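>>> Got a sequence here, can you model it:
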Amino acid sequence: MVTRRDVASIVGLGAMAAATLASPAVAQTAADPNESTFARIRRTKKMRIGAVGGGAPYYMKDLASGQWKGFYIDIAKGLADDMEAELEITETTWGNSVLDLQSNKIDIFFGLNPTPKRALVVDFSVPVFNNAFGILCKKDFKPKSWAELNSPDIKIAVDQGSSHDQVVSRLTPKAQISRLKTADDATAALQTGRVDAQCLITMLSLTVLKKNPSLGQFVLPTPIFATTSNAGFRRENDKTFRDYVNTWIDFNKGLGFIRNAIITNMELVGVTEADIPPGVSL
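Got it, this is the predicted structure:
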């Protein structure tokens with residue numbers, strides 16, 4: 001004899017089976033909880049990146065329309081197109097980008113300077129372009145070296161958790177370091193006279209000065225601390241996505257696509273290749 005409980009069990013099992021058949025994405029997730037980033041992008045046709053508001057010419061957000069521009073937006077769109085994926089953009093900061101990678105909010109972040117501290121927790125691509133750490137200084141202050149900046153009398157602003165923060169912590173430990181939330185906050189501290197200088201990567205420094213020439217002057221302290229701008233990835237066992245991006249970067253550097261994207265977006269903010277100081281090259 002079939003009881004009401006038996007009928008309920010049969011109906012319940014049928015509903016579960018139907019739901020599973022109607023939702024293949026759920027079934028795949030359950031069957032493969034360790035799906036790699038590369039496999040997920042190919043399956044969902046979506047690639048997630050982080051972008052920094054106010055990070056021109058890397059990233060520029062139109063506050064009225066919400067649209068993003070910048071050379072890393074153009075580069076990321078090119079990568080997504082070649083992967084047959086739609087680009088999804090999440091706003092972040094230079095200091096939070098590594099955390100966003102670790103927490104799986106984004107798949108890739110363009111614009112990370114590879115440092116030993118970051119390399120403990122994320123992976124890096126091959127270099128996208130070359131850069132160097134510089135200093136924005138108030139008008140009456142023009143240090144020539146990092147040694148001159150390494151003094152208890154000098155106040156330096158940085159965006160907390162960024163590569164700028166790591167550089168001044170290492171090279172100018174005796175200075176008074178103000179660690180602020182964003183690079184814009186650090187620039188505001190310099191503009192209002194609360195600090196003597198701001199550590200900022202060369203490309204960003206030139207852009208800030210073009211927007212506000214009265215801010216001060218740009219100095220490339222000696223010895224020149226050269227670095228590269230790379231993409232960062234969440235660390236995972238499957239390195240297919242990282243390897244693909246490395247191949248893509250090298251190929252598109254050879255084609256001139258990456259250089260053209262950088263130069264074009266620099267010109268949008270009034271910076272030309274001639275403005276790049278000696279000792280730094282793309």
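>>> Please make it C-alpha for all contacts and neighbour counts, starting now.
Will do.
>>> what about the strands in the stretch 51-200 of the chain?
Remark: strands assigned in the stretch 51-200 of the chain by DSSP state E, counting those that start in this stretch are 60-61, 68-69, 86-92, 108-112, 122-124, 129-137, 155-159, 176-180, 197-201.
>>> closest to Ile262 out of the ones you listed?
Ile262 lies closest to strand 129-137 among the strands of the stretch 51-200 of the chain, at 9.1 Å (C-alpha to C-alpha).
>>> Let me know the angle separating the closest one from strand 108-112.
Relative orientation of strand 129-137 and strand 108-112, computed by axes from the mean of the first three to the mean of the last three C-alpha atoms, to 10 degrees: 60 degrees.
>>> Distance from the chain centre to strand 129-137, please.
Centre-to-centre, strand 129-137 and its host chain are 16 Å apart (C-alpha atoms, centre = their mean, to the nearest Å).
>>> So which elements touch it?
Applying 3 or more C-alpha pairs under 8 Å, 6 or more residues apart in numbering; DSSP states H and E, one finds that strand 129-137 contacts strand 197-201, helix 202-211, strand 217-219, strand 226-234.
>>> taking these together, which one is wrapped up most tightly?
Most buried of these, by mean neighbour count (mean count of other C-alpha atoms under 10 Å): strand 197-201, with a mean of 27.
>>> and Ile129, how many neighbours does it have?
One thing to correct before we go on: residue 129 is Phe, not Ile. Counted by other C-alpha atoms under 10 Å, the residues lying close to Phe129 total 17.
>>> mind checking pLDDT for it?
On pLDDT, Phe129 comes in at 94.
>>> separation between it and Ala231?
Using C-alpha to C-alpha, to the nearest Å, Phe129 is found at 11 Å from Ala231.
>>> next one: Arg43
Separation of Arg43 from Ala231 (C-alpha to C-alpha): 22 Å.
>>> now Ala175
Distance of Ala175 to Ala231, given as C-alpha to C-alpha: 30 Å.
>>> rewinding a little: looking at the helices and strands packed on strand 129-137, which is closest to Ile49?
Closest approach to Ile49 among the helices and strands packed on strand 129-137 (C-alpha to C-alpha): strand 226-234, 10.1 Å.
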